[in-house]
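Peer 1: Got a predicted structure plus its sequence, pasted below:
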Amino acid sequence: MAGIRRVSDLGASAFGVQEHGYTSGQYYGPHYPGTSNLTVSNERAYFQPFYNDKNQTFDRIAIRSGTSFSGTAIVRLGIYNNDVNTFLPSTVNLDAGTVSVTVASTTYAITISHTLARGWYWLAFCQQGTAPTTGNYSSGTSSVASLQQLNDPNFNIQLGWSQAGVTGAFSSVGSLSINGQLPRVLLRTQ
């Protein structure tokens, strides 16, 4: 149909993402005008879209525990490649490993040295192993880069995807579910 374009055909400006360059030592991720806390499902990977506007090396990947987090959790973080035909997460670009989360309202980062080419990627989060008392993390409530599902009769906003039953190292994506709220994952520039 004329006038219909795939999300993967659109440039970053279609989502309000401007090419701005990066400042060393700063964290970057999807733009969320609003943030809150989200209690995640254990062993469910969450994928949020991220547009990288130039070849860039990142030295940290991070999350933040929410205000009501309690217990101990192991969280795996990573980056997935974007399938240009479906605009879905596909194969692992980086499995950054895990971080142990133990305190509420705290930022947890994994040291990496990883260069991404310009383009779309998916930042991945998965709480694994024994679930904490309350697995609550900082999350976005809406996003400039949100995805719209044209086949959703309720016109729900979709921020990304999730996949149940993810244990151990990240691997190629399986069956995905729509998600309207996601735990925030950020990358720090070198």
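Peer 2: That came in fine, so what should we check first?
Peer 1: May I ask you to name the longest strand in the protein?
Peer 2: Assignment by DSSP state E gives strand 88-101 as the longest strand of the chain.
Peer 1: Which strands border it, and is each parallel or antiparallel?
Peer 2: Here strand 88-101 has these sheet partners by DSSP bridges: strand 73-83 (antiparallel).
Peer 1: Give the buried residues for the partner strand.
Peer 2: Within strand 73-83, the residues that count as buried by 16 or more other CB atoms under 10 Å are 73-82. C-beta: built from backbone N, CA, C; applies to glycine.
Peer 1: Quickly find the element holding S68.
Peer 2: Here S68, judged by DSSP states H and E, is contained in no helix and no strand.
Peer 1: what about it, how many neighbours?
Peer 2: For S68, the count of nearby residues is 13 (other CB atoms under 10 Å).
Peer 1: how far away is it from F87?
Peer 2: Shown here: S68 relative to F87, a distance of 33 Å by CB to CB, to the nearest Å.
Peer 1: next one: G97
Peer 2: Distance of G97 to F87, computed by CB to CB: 27 Å.
Peer 1: do Y121 as well
Peer 2: From Y121 over to F87 (counting by CB to CB), the distance is 11 Å.
Peer 1: And the two? Which one has more around it.
Peer 2: Between Y121 and F87, counted using other CB under 10 Å, Y121 has the larger neighbour count: 21 against 17.
Peer 1: where exactly do the helices run in this protein?
Peer 2: With helices called from DSSP state H, the chain shows none.
Peer 1: Quick check: which ranges of it have low pLDDT?
Peer 2: 1-20, 32-34, 141-157 (pLDDT under 70).
Peer 1: Among the buried residues of strand 73-83, pick out the one closest to I61, please.
Peer 2: L77 (4.8 Å; CB to CB).
Peer 1: Quick check: bridge partners of that closest one?
Peer 2: In this structure, L77 bridges to G97, F125 when assessed by DSSP bridges.
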